[in-house]
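> Here's a sequence, model it:
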Amino acid sequence: MKVSKLAANLIGSEIVKIGNEVNDLKAKGAEIANLTIGDLNSNLYPIPALLKEEIQKAYQNNLTNYPPANGLLSLRKEVSKDLKNRWNLDYSPNDILITAGSRPLIYAVYKTIVDEGDKVVYPTPSWNNNHYAYLTSADAVEVKTTPENNFLPTADDLRPHLDGAVLLALCSPLNPTGTMFTKEQLSDICELVLEENKNRGEDEKPLYLMYDQIYSNLTFGAEHVDPVSLFPELKEYTIYIDGISKCLAATGVRVGWGFGPAHILDKMKALLTHVGAWAPKPEQEATAKFYENPENVNVFVEDFKGKLEESLKVLHGGIQDLKGKGLAVESIEPMGALYLTIRLDYIGKTKPDGSVIENSSDLVFYLINDAGVALVPFSAFGEAKSEPWFRASVGGLAVDEIKVMLPKLENALNNLK
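Next up, the predicted model:
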């Protein structure tokens, strides 16, 4: 049966494919250390108690009709105050758009800015930009990054590609690596964006910068930096992606927000009225109540990110121990988010059954079946399947589970020849 060309050529999520394999094996009784999904075990990491109470109260008070298309004013006011207090960013409630998590915002940024054939620039690895570029029929320019730069693009990497581009998509802390821009790295890129826009004619579309900082509160010692704080003149070109999904362990609560130039946010709002991508009204009401006291956020985040950091340190230390034993592995010290970047240099090796690990996907499924360890290859984030780099998310496991998993990983790797 015929379907649209877009649907026929749409690529499904590799992360979902791996997750389905893990779930199938678990249903058959297998014990799998699931390090794949950028989600949280809500029994290990419940949302704040007060936020839960306020959500329940909002439902009891029958706040179950449509919210305003751009979000409850009470929540947009609280977000505006939080942006000022936390990052010294000045955005009025009218410059803020509330949606059901951050995905609708990213989609709306692409659809609002990008016409068919427009150039969009983003680094690899990065989360889902390849799919959003496809959905908007963009001319996607993927800029390969290196482990030496923590898989973050430098100004020199980006410079050859910005001429004529309409969107540059960046994320820090970065999904999938958990690494972050330094002030110097981001400043150099911001100067490029400003220089490019100075060279544009009045009838040309500007180069916009989408800055995804959904993990900005989950940092471990390193300072989070953002474009407009560094260069206030970038305010007319920068659209931010943010929300509570990660910082409040609230991935399923679905409250995200974007902020940026009013003319862009207004068009995003209009687009999303046809999609119905607003966050549920009770969750919006509860989030507004929770943010009324900044200490609610600060106290929860400090405790939560401390637990994530501990898990990441245990996993990073375990990989480094394996490296010390002579295994062909490496990991990059985490700076933020809930991810560890791991190199497993075993592509081309032979499994105990005599078959060869042809690519990173082969290695993923070998480790699932022989070690009970599930990782996501960087091929799910735009890299080639020949790359031996993987994302490990610690949100679904307790520290003890990570410790139990490491010897199983070691044994499975030692069995490859």
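> ok, the residue most central in space within the chain to Glu358 distance?
Centroid-nearest residue in the chain, with Cα atoms, centre = their mean: Asn175, separated by 4.1 Å. Relative to Glu358, Asn175 is positioned 26 Å away (Cβ to Cβ, to the nearest Å). The C-beta positions use only the backbone N, C-alpha and C, and glycine is treated the same way.
> Now the residue nearest to the centre of the chain: closest residue in space that isn't a chain neighbour?
Nearest-residue entry for Asn175: Trp127, 4.3 Å, with adjacent residues in sequence omitted and distances by Cβ to Cβ, 6 or more residues apart in numbering.
> How about the secondary structure of that neighbour?
coil (DSSP: H, G, I helix; E, B strand; the rest coil).
> Please name the residues that touch it.
Counting by Cβ atoms under 8 Å, 6 or more residues apart in numbering, Trp127 touches 38, 171, 175-176, 381.
> Please tell me how far it sits from Leu338.
13 Å.
> Mind listing the shared neighbours of the two?
In contact with both Trp127 and Leu338: Gly38, using Cβ under 8 Å, 6+ apart.
> got a list of contacts for the lowest-mean-pLDDT helix or strand in the chain?
Least confident element among the helices and strands of the chain, by mean pLDDT, DSSP states H and E: helix 14-27 (a mean of 85). Among residues not part of helix 14-27, those counted as contacts by Cβ under 8 Å, 6+ apart are 32, 34, 36-37, 361, 364-365, 368-369, 374, 376-377, 379-380.
> In contact with the residue nearest to the centre of the chain, which residues?
Contacts of Asn175 (Cβ under 8 Å, 6+ apart): 38, 126-127, 212, 214-215, 337, 339, 381, 391.
> Which strand or helix spans Phe390?
Per DSSP states H and E, Phe390 falls inside strand 389-393.
> Which neighbours in the sheet does that strand have, and how are they oriented?
strand 339-344 (antiparallel), strand 376-377 (antiparallel) (DSSP bridges).
> Over to stretch 149-163 now: how far is its first residue from its last?
From its first residue to its last, stretch 149-163 covers 23 Å (Cα to Cα, to the nearest Å).
> So for that stretch, mean pLDDT?
Across stretch 149-163, pLDDT averages out at 98.
> Check which residues of that stretch are buried.
150-155, 157-158, 161-162 (16 or more other Cβ atoms under 10 Å).
> re the thing from before, minimum distance to Asp118: which of the strands paired with strand 389-393 has it?
For the strands paired with strand 389-393, the distance to Asp118 is smallest for strand 376-377, at 29.2 Å, taking Cβ to Cβ.
> Give me the distance from the closest one to the chain's centre.
14 Å (Cα atoms, centre = their mean, to the nearest Å).
> can you check stretch 397-414 too?
For stretch 397-414 - counting by Cα atoms, centre = their mean - the centre lies 25 Å from the chain centre.
> Alpha carbons only: can I get that stretch in PDB?
Output of stretch 397-414 as PDB, limited to C-alpha atoms (Å, rounded to 0.1, in the frame of the first residue of the first chain):
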ATOM      1  CA  LEU A 397      20.300   1.800  37.300                       C
ATOM      2  CA  ALA A 398      21.300   2.000  40.900                       C
ATOM      3  CA  VAL A 399      25.000   2.200  41.800                       C
ATOM      4  CA  ASP A 400      25.000  -1.400  42.900                       C
ATOM      5  CA  GLU A 401      23.600  -2.500  39.600                       C
ATOM      6  CA  ILE A 402      26.400  -0.700  37.800                       C
ATOM      7  CA  LYS A 403      29.000  -2.400  39.900                       C
ATOM      8  CA  VAL A 404      27.400  -5.800  39.200                       C
ATOM      9  CA  MET A 405      27.300  -5.100  35.500                       C
ATOM     10  CA  LEU A 406      31.000  -4.200  35.000                       C
ATOM     11  CA  PRO A 407      32.500  -7.700  35.500                       C
ATOM     12  CA  LYS A 408      29.900  -9.100  33.000                       C
ATOM     13  CA  LEU A 409      31.000  -6.500  30.400                       C
ATOM     14  CA  GLU A 410      34.700  -7.400  31.100                       C
ATOM     15  CA  ASN A 411      34.100 -11.100  30.600                       C
ATOM     16  CA  ALA A 412      32.100 -10.500  27.300                       C
ATOM     17  CA  LEU A 413      34.800  -8.300  25.900                       C
ATOM     18  CA  ASN A 414      37.500 -10.800  26.900                       C
END
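> quick revisit: whichever of the contacts of helix 14-27 end up buried, select them in ChimeraX.
Burial among the contacts of helix 14-27 is assessed by 16+ other Cβ under 10 Å; the matching ChimeraX selection reads:
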select :32,34,36,37,361,364,368,374,376,377,379,380
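> okay, now the domains of this structure?
If you go by the TED database, the domain ranges for the chain are 5-45+299-415, 49-296.
> what's the span of the first one, first residue to last?
End-to-end distance for domain 5-45+299-415: 44 Å, by Cα to Cα.
> now swap in stretch 148-164 and tell me
With Cα to Cα, one end of stretch 148-164 sits 28 Å from the other.
> for this structure, what spans make up the strands?
33-34, 96-99, 119-124, 139-144, 165-171, 208-212, 238-243, 256-259, 329-332, 339-344, 373-374, 376-377, 389-393 (DSSP state E).
> on contacts alone, who are the packing partners of the first one?
Using 3 or more Cβ pairs under 8 Å, 6 or more residues apart in numbering; DSSP states H and E as the contact criterion, the neighbours of strand 33-34 among helices and strands are strand 373-374, helix 399-414.
> Show me the contact partners of stretch 210-219.
86-87, 102, 106, 109, 167-173, 175, 180, 224, 226-227, 238-243, 245-247, 256, 297, 301, 304-305, 308, 335-338.
> can you give me the helices for the stretch 201-350 of the chain?
Ranges of helices in the stretch 201-350 of the chain, per DSSP state H, counting those that start in this stretch, are 227-230, 262-273, 281-291, 294-324.
> Just put those in TSV and tack on mean neighbour count, distance to Leu135 and mean pLDDT.
Formatted as TSV, the helices of the stretch 201-350 of the chain follow (neighbours: other Cβ atoms under 10 Å; distance: least, Cβ to Cβ, whole Å; pLDDT from 0 to 100):
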stretch	mean neighbour count	distance to Leu135	mean pLDDT
helix 227-230	20	25	98
helix 262-273	17	13	97
helix 281-291	24	26	98
helix 294-324	17	31	98
